[in-house]
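**Q** the sequence isn't on hand, but the structure is:
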């Protein structure tokens with residue numbers, strides 16, 4: 001989630017729905033002093049891989065509603081924004097928080113769904129989406145990352 005907050009910050013600050021890449025880099029590197037120029041470029045590339053932004057030429061447009069992202073007062077991203085996350089784990093964590101079910105119980109349920117109900121013929125990514133639907137937890141923002149994770153692990 002901190003990647004989403006970090007990407008939302010320059011757009012919220014500028015009050016615009018798209019920015020030039022150098023404007024985002026300037027905000028992250030010089031205005032906020034959150035990271036160096038190279039790190040800011042890496043962050044933009046990672047956000048594009050995760051399906052959070054769209055690049056058209058030199059322009060960046062977020063693919064999520066920036067207005068819904070709460071940026072805590074005094075926010076500063078940690079090194080975790082550069083780490084690749086496991087979208088299945090992210091979705092299970094979200095289900096755990098919103099449904100009040102322990103993460104261990106959800107992992108057991110996921111494994112049971114994959115092995116028992118589908119005889120091992122269902123991927124974890126799909127099982128996590130089915131579980132999110134069952135618990136009424138929003139998952140659409142994670143679909144690009146889940147898709148990419150699925151394709152990488154075939």
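**A** Done, it's in. Quick caveat, the model's predicted, so the values are computed rather than measured. Residues are numbered from 1 along each chain as shown.

**Q** what ranges do the helices span in this protein?
**A** 2-14, 21-26, 37-49, 87-99, 103-112, 124-135, 143-152 (DSSP state H).

**Q** how about those helices, which one is nearest residue 64?
**A** Between residue 64 and the helices of the chain, the shortest gap by C-beta to C-beta is with helix 2-14, which sits at 6.7 Å. Quick note: C-beta positions are derived from backbone N, CA and C, even for glycine.

**Q** what packs against that closest one?
**A** Secondary-structure packing of helix 2-14 (3 or more C-beta pairs under 8 Å, 6 or more residues apart in numbering; DSSP states H and E): helix 21-26, helix 37-49, strand 59-62.

**Q** how many residues are close by residue 132?
**A** 20 (other C-beta atoms under 10 Å).

**Q** distance check, it against residue 69.
**A** Separation of residue 132 from residue 69 (C-beta to C-beta, to the nearest Å): 20 Å.

**Q** save the helices of the chain as JSON lines, and put in mean pLDDT too.
**A** Converted to JSON lines, the helices of the chain look like this (pLDDT from 0 to 100):
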{"stretch": "helix 2-14", "mean pLDDT": "93"}
{"stretch": "helix 21-26", "mean pLDDT": "97"}
{"stretch": "helix 37-49", "mean pLDDT": "91"}
{"stretch": "helix 87-99", "mean pLDDT": "88"}
{"stretch": "helix 103-112", "mean pLDDT": "88"}
{"stretch": "helix 124-135", "mean pLDDT": "94"}
{"stretch": "helix 143-152", "mean pLDDT": "85"}
